[in-house]
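> Dropping the sequence and predicted coords here.
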Amino acid sequence: MNVLVQLPSLPLAALIHPKKMLNKWVKALLVTVIAVMAVTAAAFQIGKSRTFQFFGEIVPRIDTRQKVVALTFDDGPTPGVTEEILSILNEAGVKATFFVIGADLERNLEEGRRIVAAGHELGNHTYSHERMVLKTPSFIESEIERTDQLIRQAGYQSAIHFRPPFGKKLILLPYFLARTSRKTITWDVEPDSYPEIAADSNKIVAHVMEKTKPGSIILLHVMGRSESLKAVKGVIAGLKGQGYSFKTVSEMLAMAD
């Protein structure tokens with residue numbers, strides 16, 4: 001029995017000029033790879049931007065000529081550290097905004113209540129502090145709503161502002177925030193983001209003095225970094241010496257309305 005095997009047909013040009021066709025395929029592949037890399041790089045830059053997002057409002061600072069700033073702390077609350085930072089703020093007569101992690105607040109609800117009782121502001125920094133990129137809508141909603149509930153349990157009754165972990169956001173997180181009328185609060189002064197600065201409280205203070213301008217939102221990580229905690233007194237004294245006063249994020253936003 002004769003068996004006919006039919007080979008896949010190739011373009012006539014490939015049979016006549018195989019090298020030319022191969023070069024075309026290689027070039028097409030390279031163009032595709034470059035395009036994917038470009039899109040990925042663009043998405044990475046947008047995802048970490050402090051000043052841009054696809055949906056809703058993002059606030060890295062307030063546009064004002066008044067010498068006012070918002071002092072903000074991420075993470076926690078952490079037993080021991082919370083009492084120490086509240087003592088520093090009370091002594092200086094300064095109100096701040098604490099963007100707390102839901103899981104930490106759940107374990108240390110009394111610390112959250114102390115922050116509220118001292119007249120400071122609680123903000124939402126998600127429940128698990130995972131990067132809110134490539135997450136499902138249900139995961140994003142749960143992370144934020146669950147933390148909101150804990151913030152209410154801590155006794156905070158005013159508007160709850162949101163700050164994404166690591167400042168990361170892309171499409172689904174900003175979309176959810178816009179749909180639920182929440183602002184994304186970022187920052188424009190971030191000494192802890194530079195390892196050589198974050199390792200020395202004196203350098204943290206110097207960085208803040210150099211970078212701060214009217215309407216700045218300052219980010220410090222006092223709950224997990226001892227040098228950042230040590231720098232708070234110097235930051236407050238230095239900025240007061242330059243004529244600045246301190247407001248919560250909500251107070252700053254009210255100035256912009």
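Done, it's in. Given the structure is predicted, the values throughout are model-derived calculations rather than measurements.

> Quick one: the strands in the stretch 151-257 of the chain, in order.
Along the stretch 151-257 of the chain, counting by DSSP state E, counting those that start in this stretch, strands occupy 184-185, 217-220, 245-247.

> Quick check: buried residues in the last one?
Neighbour-count burial for strand 245-247, with 16 or more other C-beta atoms under 10 Å as criterion, is recorded at 246-247. C-beta here means a position set from N, CA and C on the backbone, and glycine is covered the same way.

> What pairs with it, parallel or antiparallel?
Taking DSSP bridges as the criterion, strand 245-247 forms sheet pairs with strand 68-74 (parallel).

> can you give me the mean pLDDT across the strand it pairs with?
Throughout strand 68-74, pLDDT has a mean value of 98.

> from the middle of its chain, how far away would it be?
For strand 68-74, the separation from the chain centroid amounts to 14 Å (computed by C-alpha atoms, centre = their mean, to the nearest Å).

> for the record, mean pLDDT for the helix or strand following it?
Following strand 68-74 in sequence order, the next helix or strand is helix 81-92 (DSSP states H and E). For helix 81-92, mean pLDDT is 98.

> Using CSV, lay out the strands of the stretch 151-257 of the chain together with distance to residue 86 and mean pLDDT.
CSV is the format used below for these (distance: least, C-beta to C-beta, whole Å; pLDDT from 0 to 100):
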stretch, distance to residue 86, mean pLDDT
strand 184-185, 21, 94
strand 217-220, 14, 98
strand 245-247, 14, 98
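
> give me every residue that touches residue 151.
100, 105, 112, 122, 124, 160 (C-beta atoms under 8 Å, 6 or more residues apart in numbering).

> which phi and psi does the first one have?
Note on residue 100: backbone dihedrals following degrees, to the nearest 10 are phi -90, psi 150.

> Now for it, how many residues are close by?
For residue 100, the neighbour count with other C-beta atoms under 10 Å is 31.

> between the strands of the stretch 151-257 of the chain, which one is nearest to residue 129?
Closest approach to residue 129 among those (C-beta to C-beta): strand 217-220, 14.5 Å.

> from the chain's centre, how far out does the closest one sit?
Chain-centre distance of strand 217-220: 11 Å, with C-alpha atoms, centre = their mean.

> So which other helices or strands are in contact with that strand?
Counting contacts by 3 or more C-beta pairs under 8 Å, 6 or more residues apart in numbering; DSSP states H and E, strand 217-220 is packed against strand 68-74, helix 226-241.

> What are the contacting residues of the first one?
It stands for strand 68-74. With C-beta under 8 Å, 6+ apart, strand 68-74 has contacts from 62, 85, 94, 96-99, 123, 125, 163, 185, 187, 212, 214-223, 232, 235-236, 239, 244-249, 251-252, 255.

> Kindly recompute the last result at 6 Å.
96-99, 125, 212, 216-222, 244-247, 249, 252 (C-beta atoms under 6 Å, 6 or more residues apart in numbering).

> Out of those, which end up buried?
Using 16+ other C-beta under 10 Å, the buried members of the contacts of strand 68-74 are 96-99, 125, 212, 216-222, 244, 246-247, 249, 252.

> picking that back up, for residue 80, which of the helices and strands packed on strand 217-220 is the nearest?
helix 226-241 (10.4 Å).

> residues of that closest one that come out buried?
Buried residues in helix 226-241, counted by 16+ other C-beta under 10 Å: 227-232, 234-236, 238-239.

> ok, so of the contacts of residue 151, who is nearest residue 207?
residue 100 (24.2 Å).

> For the closest one, name its beta-bridge partners.
residue 124.

> Show the contacting residues for residue 207.
191, 197 are the contacts of residue 207 under C-beta under 6 Å, 6+ apart.

> Next one: residue 202 relative to residue 225, how far apart?
Look at residue 202 and residue 225: by C-beta to C-beta, to the nearest Å, they are 14 Å apart.

> which one of the two has more residues nearby?
The residue with more neighbours, out of residue 202 and residue 225, is residue 225; 18 against 12, by other C-beta under 10 Å.

> Quick check: pLDDT value at that one.
Value for residue 225, per-residue pLDDT: 87.
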